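Enquirer: need a structure here:
(one chain, ligands or ions: 1)
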Amino acid sequence: MKEDFPKNEVEFDRRFFTDQACLEYLFQLRWPDGFVCPQCGHTRYWRSARRLYLCRQCEHQQSVTAGTIFHGTKKPLRVWFKALWWFSTRKSSVNAVSLQELLGLGSYQTAWRWLQKLRTCTIFPDREKLSGNIEADEFYLGGERSGKRGRGADHKCKVAVAIERKGRKLGRLRMQVVDRCSADELIPFTTNNIATGSIITTDGWKGYCGLEAAGYVHKKILQTKADDKDSVLPGVHLITSLVKRVILGTFQGRFEEQYLQRLLDEYVFRFNRRTTKSVGKRFWRIMQQAVASAPLTNKGLVLTPARCLASA
Ligand SMILES: [Zn+2]
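Expert: Next up is the predicted model:
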């Protein structure tokens, strides 16, 4: 697909000033090779109402926003576009209060729902697996009760993490909420996110015992008490502290367990593009995903009332 995006905010504001301009952009993303009727495959159409395209052969009505995150929205598309631009061009994680202020949305709930939808656009199904030298580990978020610590602490949210090492530099990142830090969750996390043949460094935890059998070179670093954990797996430990800082800073130390994965997805999106010079390109990627995403209904968004507000 031909790259087509505004290079900066001034260009963005000039280009997406009207809903018509937004609609044409969505049309381009959806049908880069021209309109194709989903019913009969015909390629000629009439434009009817605002967001509707009518097949000239079978008269099937196709809305350009159907099946996208904009599905059924009553808000002008240019307001959505502004939200997408803002979301995709920020350097660090964002919260619903700032989105509400930016767009002048009437309620916090609306801003929160929009933000959930935007976060679902940060995962690209065609993304390449991590490869080369990788550090893998898990970390914990939340949980105020004292008692069991470390991997047995079952009241905490557990997150599996893997990051590429390029010499002293860090490469791309992946994070996944897991129920247990056992091999039956850690090995699938690895095979879903890391190319076989990669060299994976972990600590001595038994959950990683199956890595060799799964097709990886496994480097195990056995810790002694005197070891500084940061010097053993410095990459993942840096990420752990950065994520905790985001939760403390952007979310005042609170997050809802059932939405934690989306927060992490957003973090990974920003982290993996931290060196991308073009802010517009990030917008373009998010927009492609917004058009390809299945719409989240409001019902699907609010899974259950917050079970627990965990603290980092
Ligand atoms: Zn048709």
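
Enquirer: list the buried ones in the helix or strand containing V159?
Expert: Here V159 sits within strand 157-166, counting by DSSP states H and E. Across strand 157-166, burial judged by 16 or more other CB atoms under 10 Å covers C157, K158, V159, A160, V161, A162, I163, E164, R165. Heads up, the C-betas are built off the backbone N, CA and C, glycines and all.

Enquirer: okay, among those residues, which ones form the most distant pair?
Expert: C157 and R165 (25.3 Å; CB to CB).

Enquirer: Can you classify the one residue in the stretch 201-312 of the chain that gets nearest to the ion by secondary structure?
Expert: Per CB to the ion, V291 is where the stretch 201-312 of the chain lies closest to the ion, at 20.1 Å. Secondary structure assignment for V291 (DSSP: H, G, I helix; E, B strand; the rest coil): helix.

Enquirer: Next, the contact list for it, please.
Expert: Contact analysis of V291 by CB atoms under 8 Å, 6 or more residues apart in numbering lists L26, L29, R30, T68.

Enquirer: Out of these, which sit inside helices?
Expert: Within the contacts of V291, residues falling in helices by DSSP state H are L26, L29, R30.

Enquirer: nearest spatial neighbour of the residue located most distally from the centre of the chain, skipping sequence neighbours?
Expert: The C-alpha centroid of the chain is most remote from Q57, which lies 39.2 Å away (CA atoms, centre = their mean). Closest residue to Q57 apart from its sequence neighbours, by CB to CB, 6 or more residues apart in numbering: H42 at 3.8 Å.

Enquirer: can you check P38 too?
Expert: Q62 (6.3 Å).

Enquirer: Where does that neighbour sit: helix, strand or coil?
Expert: Under three-state DSSP, Q62 comes out as strand.

Enquirer: What mean pLDDT does the helix or strand where V79 lies get?
Expert: Per DSSP H and E: V79 is located in helix 77-89. For helix 77-89, the mean pLDDT works out to 95.

Enquirer: helix/strand/coil for the spatially closest residue to S48 that is not a sequence neighbour?
Expert: Distance criterion CB to CB, 6+ apart; nearest residue to S48, sequence neighbours excluded, is L54 at 5.0 Å. In three-state terms, and counting by three-state DSSP, L54 is strand.

Enquirer: so how far is R172 from L54?
Expert: To R172, L54 is 43 Å away according to CB to CB, to the nearest Å.

Enquirer: which one of these two has more residues nearby?
Expert: Taking other CB atoms under 10 Å, L54 and R172 do not tie; R172 has more neighbours (20 against 16).

Enquirer: Quick one: residues in contact with the strand or helix carrying the more buried one.
Expert: Assigned by DSSP H and E, R172 belongs to strand 169-178. Residues outside strand 169-178 that contact it (CB under 8 Å, 6+ apart) are 130, 132, 138, 157-165, 185-186, 189, 192-194, 235, 238-239, 243, 260-261, 264-265, 267-268, 271-272.

Enquirer: relative orientation of that strand and strand 157-166 in degrees?
Expert: Relative orientation of strand 169-178 versus strand 157-166 (axes from the mean of the first three to the mean of the last three CA atoms, to 10 degrees): 160 degrees.

Enquirer: Is it possible to get JSON lines of the buried residues of strand 157-166 that adds distance to I286 and pLDDT?
Expert: Converted to JSON lines, the buried residues of strand 157-166 look like this (distance: CB to CB, whole Å; pLDDT from 0 to 100):
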{"residue": "C157", "distance to I286": "26", "pLDDT": "89"}
{"residue": "K158", "distance to I286": "28", "pLDDT": "92"}
{"residue": "V159", "distance to I286": "23", "pLDDT": "95"}
{"residue": "A160", "distance to I286": "25", "pLDDT": "96"}
{"residue": "V161", "distance to I286": "23", "pLDDT": "97"}
{"residue": "A162", "distance to I286": "23", "pLDDT": "97"}
{"residue": "I163", "distance to I286": "22", "pLDDT": "97"}
{"residue": "E164", "distance to I286": "22", "pLDDT": "97"}
{"residue": "R165", "distance to I286": "27", "pLDDT": "95"}
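
Enquirer: Report the entries of those residues that also contact the ion.
Expert: For the ion, no contacts are drawn from these by CB under 5 Å from the ion.

Enquirer: which ones among the contacts of strand 169-178 are found in strands?
Expert: In this view, these that belong to strands under DSSP state E are E138, C157, K158, V159, A160, V161, A162, I163, E164, R165.

Enquirer: Might one say that the fourth one is in contact with G142?
Expert: If I follow you right, that is V159. No: counting by CB atoms under 8 Å, V159 does not reach G142; the two are 10.3 Å apart.

Enquirer: Just the buried positions in the biggest helix by length in the chain, please.
Expert: Longest helix in the chain, counting residues (DSSP H): helix 234-249. Buried residues in helix 234-249, counting neighbours by 16+ other CB under 10 Å, are found at P234, G235, V236, H237, I239, T240, V243, V246, I247.
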